[in-house]
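> got a predicted structure plus its sequence, pasted below:
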Amino acid sequence: MISKSMTRDKILEYYEQVLKKRQQKFTQNDDADKLIKQEPVAFLFAVILDQGAQAERIWEIPYHLKNIMGHLDVYRIATLEEEEICQIVEQLPSKPRYWKIAARRIKNAANHIIKRYQGQAENIWNDNPKAGDLQARFDNFDGVGQKKASRATRILGMDLNVPIRNWSETDVSVDEMIQRVFPRAGLSTTNNPQEIIECTRQLSPSFPGALDYPCWDIGRTWCKPQDPNCGECYISEACPKVGV
Ligand code: SF4
């Protein structure tokens, strides 16, 4: 009989033994990855624009924006008309799906960073914030909701080593991958987002968000919508494979 705690432990083991040891890759482009890690505003723009297309392509956008504009200076971006940003976005090799909305969000983000964070994106997270407070700060940007805010917080703390307190305040960011893995792995009875969030709070109360990345990766790698590859899946021995 496989218990939920066995499944949870295997998922967390997957993070510790495999994912944590992988070099953090956001894109297929090393220069774009370097920019995400080195320029906080590039990280923020990627979080804001991450929607409606393959994540690896979206996270390259700040790199291409910088190449086209010659900078990612929020003061200069804030002076641009939305139409001018639209023209820049149109030149991107990988465009966001809703590129007119993307242009507005880039301008709004620049203004918000100037108004609330003294023009420095790193001021969003460089005061050793509580995880819940940091999620709320991300949530205040146009284009960021609970899902993106919790994922951005998790990436900063776990992958980019930004000091963050009170991890118990984080939740999983429920997307289609998580909604697939949770019921199949017997961790939730349905794919209802609220039920999944409640399950993670019970299963991993000190850090509910810890289940986010490994479950997302399991969903992407093995637990596909059709024909899940249970034979190769890292958590196979601890997964009840409900409905599979
Ligand atoms: S691929 Fe199979 S073993 Fe892996 S999580 Fe999905 S149902 Fe479980």
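Sure thing, it's come through. Quantities reported herein were computed from a predicted structural model and do not represent experimental measurements.
> go ahead and list the helix or strand containing Ile101.
In this assignment (DSSP states H and E), Ile101 forms part of helix 99-117.
> next secondary structure element downstream of that helix?
helix 131-139.
> that following helix - contacts with which helices or strands?
Counting contacts by 3 or more Cβ pairs under 8 Å, 6 or more residues apart in numbering; DSSP states H and E, helix 131-139 packs against helix 146-154. (C-beta placed from N, C-alpha, C; glycine too.)
> helices and strands around the helix it packs on, which ones?
helix 40-49, helix 131-139, helix 212-221.
> C-alpha coordinates for that helix, PDB please?
Listed next in PDB are the C-alpha coordinates belonging to helix 146-154 (Å, rounded to 0.1, in the frame of the first residue of the first chain):
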ATOM      1  CA  GLN A 146      -0.800  33.800  -7.600                       C
ATOM      2  CA  LYS A 147       0.700  31.200  -9.900                       C
ATOM      3  CA  LYS A 148       3.500  33.300 -11.300                       C
ATOM      4  CA  ALA A 149       4.100  35.000  -7.900                       C
ATOM      5  CA  SER A 150       4.700  31.700  -6.100                       C
ATOM      6  CA  ARG A 151       6.800  30.300  -8.900                       C
ATOM      7  CA  ALA A 152       9.000  33.400  -9.000                       C
ATOM      8  CA  THR A 153       9.400  33.300  -5.200                       C
ATOM      9  CA  ARG A 154      10.400  29.600  -5.400                       C
END
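> how about the residues of this structure near the ligand?
181, 184-185, 218, 222-223, 228-230, 233, 235-236, 239, 241, 244 (Cβ under 6 Å from any ligand atom).
> now the buried members of these.
181, 184-185, 218, 222-223, 228, 233, 235, 239 (16 or more other Cβ atoms under 10 Å).
> quick one, what contacts the residue most central in space within the chain?
Residue closest to the average C-alpha location in the chain (Cα atoms, centre = their mean): Arg151, at 3.6 Å. Counting by Cβ atoms under 8 Å, 6 or more residues apart in numbering, Arg151 touches 47, 173, 212.
> at 6 Å what do you get?
Residues near Arg151 by Cβ atoms under 6 Å, 6 or more residues apart in numbering: Ser173.
> pLDDT score assigned to it?
Arg151 is assigned a pLDDT of 87 by the prediction.
> do the same with Tyr117
Value for Tyr117, per-residue pLDDT: 98.
> surely it is in contact with Asn123?
Yes - using Cβ atoms under 6 Å, Tyr117 makes contact with Asn123 at a distance of 3.9 Å.
> surely Ala210 and Arg201 touch.
No - using Cβ under 6 Å, Ala210 is not in contact with Arg201; the gap is 11.6 Å.
> neighbour count winner among these two?
Neighbour tally, Ala210 and Arg201, criterion other Cβ atoms under 10 Å: the higher count belongs to Ala210, 22 against 14.
> residues contacting the more buried one?
Residues near Ala210 by Cβ under 6 Å, 6+ apart: Ser204.
> now do it against Asn67, distance only.
Distance, Ala210 to Asn67, by Cβ to Cβ, to the nearest Å: 36 Å.
> same check, this time on Met1
Counting by Cβ to Cβ, the gap from Met1 to Asn67 is 56 Å.
> neighbour count winner among these two?
Between Met1 and Asn67, counting by other Cβ under 10 Å, Asn67 is the more crowded of the two (14 against 4).
> what's in contact with the helix or strand harbouring the more buried one?
Here Asn67 is covered by helix 61-69, with elements defined by DSSP H and E. Defining contact as Cβ under 6 Å, 6+ apart, one finds that helix 61-69 is touched by 32, 35, 42, 45-46, 49, 72, 88, 91-93.
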